[in-house]
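S.K.: I would like the atomic coordinates for the input below:
(one chain, ligands or ions: 1)
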Amino acid sequence: MTSMALLVGSAVHEVLARDFRSRKFGTAREADPERAVDLMRTAWMNAKKELWRENPKKYPPLFEIYYDRIPDGERLRGYAEKARRAVTTVKNSLLYSRIRSLTPSDLPWVDPVGEGFSQEIIFDIPPYQAISAPDLVIREGERVVIVDWKTGKENEADRKQMEAAAVWAVQKLGAGDQAIEGLLFYSETGQETRFPIGRPEREKVETVIRGEMAAMAACLEDEENNVPRAEEHFPLRENRAFCRYCEFQEICWGMGGGNRESVIGDR
Ligand code: SF4
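M.R.: This is a model prediction of the structure:
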């Protein structure tokens with residue numbers, strides 16, 4: 001399931017990825033801010049038509065439609081404007097000009113948006129496997145720079161995501177002998193945050209990921225066959241304030257003799 005807020009991010013990412021992919025493969029086609037709004041409009045229409053019944057991965061349901069929380073016109077226009085502004089801010093940035101001046105060989109990775117899941121994005125955190133699909137990786141001399149576009153506010157998890165991408169880059173792009181940097185571009189403000197990701201940061205994030213994987217595995221009765229523990233091991237949240245925004249709420253409505261109102265309260 002997706003939501004309007006997530007749609008803004010995915011539409012912006014798709015427009016930028018198509019721009020840089022065309023650059024990498026020699027058919028330069030500039031990012032058009034209006035294209036991001038078209039993508040959102042199409043996703044909205046597809047959710048209205050409930051195409052998710054046929055293929056939820058390709059046409060995910062939209063939270064606002066699925067749970068009948070349709071935003072008013074002004075709010076919807078706000079999402080569209082945010083997407084337009086994000087693409088425009090990236091296009092007007094010095095970073096975009098720098099990337100445009102690179103040769104295709106200096107773009108070792110562009111998010112293969114729309115091409116689905118592939119082995120390229122899987123990396124090892126023994127005994128587990130994890131996934132990283134950075135937006136863009138560029139070469140600046142001997143340096144490998146991992147770029148990520150952010151349509152939301154700065155968040156502590158952003159750095160961790162880039163550190164995980166650096167582990168992926170060492171394994172998948174053979175970047176182990178090169179200096180690696182993370183570059184977060186915040187499209188609301190145009191701010192660039194750039195930082196080195198050395199071996200200590202990579203080892204630390206590997207430990208964090210392994211710990212999170214182990215915590216998730218602990219929710220399984222049978223790890224090998226991906227069988228979850230019994231329902232009573234997953235109690236509802238004590239604080240239900242978040243439940244009305246939770247995409248899984250429907251599953252909880254019938255739990256413990258409850259109903260929709262008992263989980264999410266008044267609409
Ligand atoms: S509705 Fe979501 S947040 Fe609330 S208890 Fe259920 S799963 Fe947890």
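S.K.: which element, helix or strand, includes the residue nearest to Ile197 when sequence neighbours are not counted?
M.R.: On the basis of C-beta to C-beta, 6 or more residues apart in numbering, the spatially nearest residue to Ile197 that is not a chain neighbour turns out to be Ala166, at 4.1 Å. Quick note: C-beta positions are derived from backbone N, CA and C, even for glycine. Per DSSP states H and E: Ala166 is located in helix 156-172.
S.K.: same thing with Val12?
M.R.: Per DSSP H and E: Val12 is located in helix 4-24.
S.K.: contact partners of the helix or strand following that helix?
M.R.: The first helix or strand that comes after helix 4-24 along the chain, using DSSP H and E, is helix 33-48. With C-beta atoms under 8 Å, 6 or more residues apart in numbering as the contact definition, helix 33-48 has outside contacts at 2, 4, 7-8, 10-12, 14-15, 52, 59-62, 65-66, 79-80, 83-88, 91.
S.K.: got a PyMOL select line for the buried ones in these?
M.R.: In PyMOL, selecting the buried portion of the contacts of helix 33-48, with burial taken from 16 or more other C-beta atoms under 10 Å, looks like this:
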select buried, resi 2+4+7+8+10+11+12+14+15+52+59+60+61+62+65+66+79+80+83+84+85+86+87+91
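S.K.: low-confidence regions, the stretch 1-150 of the chain specifically.
M.R.: Within the stretch 1-150 of the chain, the set of residues satisfying pLDDT under 70 comprises 114-117.
S.K.: for the residue in it that the ligand sits nearest to, which non-adjacent residue is closest in space?
M.R.: Residue nearest to the ligand within the stretch 1-150 of the chain: Tyr67 (10.9 Å; C-beta to the nearest ligand atom). Taking C-beta to C-beta, 6+ apart, and ignoring the residues beside it in sequence, Tyr67 has Gln249 as its nearest neighbour in space, at 7.2 Å.
S.K.: look up how far Asp68 lies from that neighbour.
M.R.: Applying C-beta to C-beta, to the nearest Å, one obtains 12 Å for the distance of Gln249 from Asp68.
S.K.: swap in Phe20?
M.R.: With distances defined as C-beta to C-beta, the gap from Phe20 to Asp68 amounts to 38 Å.
S.K.: ok, those two, which is more surrounded?
M.R.: Neighbours per residue, other C-beta atoms under 10 Å: of Phe20 and Asp68, the larger number sits with Phe20, 24 against 7.
S.K.: so that one makes contact with Asp106?
M.R.: No: counting by C-beta atoms under 8 Å, Phe20 stays clear of Asp106, with 11.2 Å between them.
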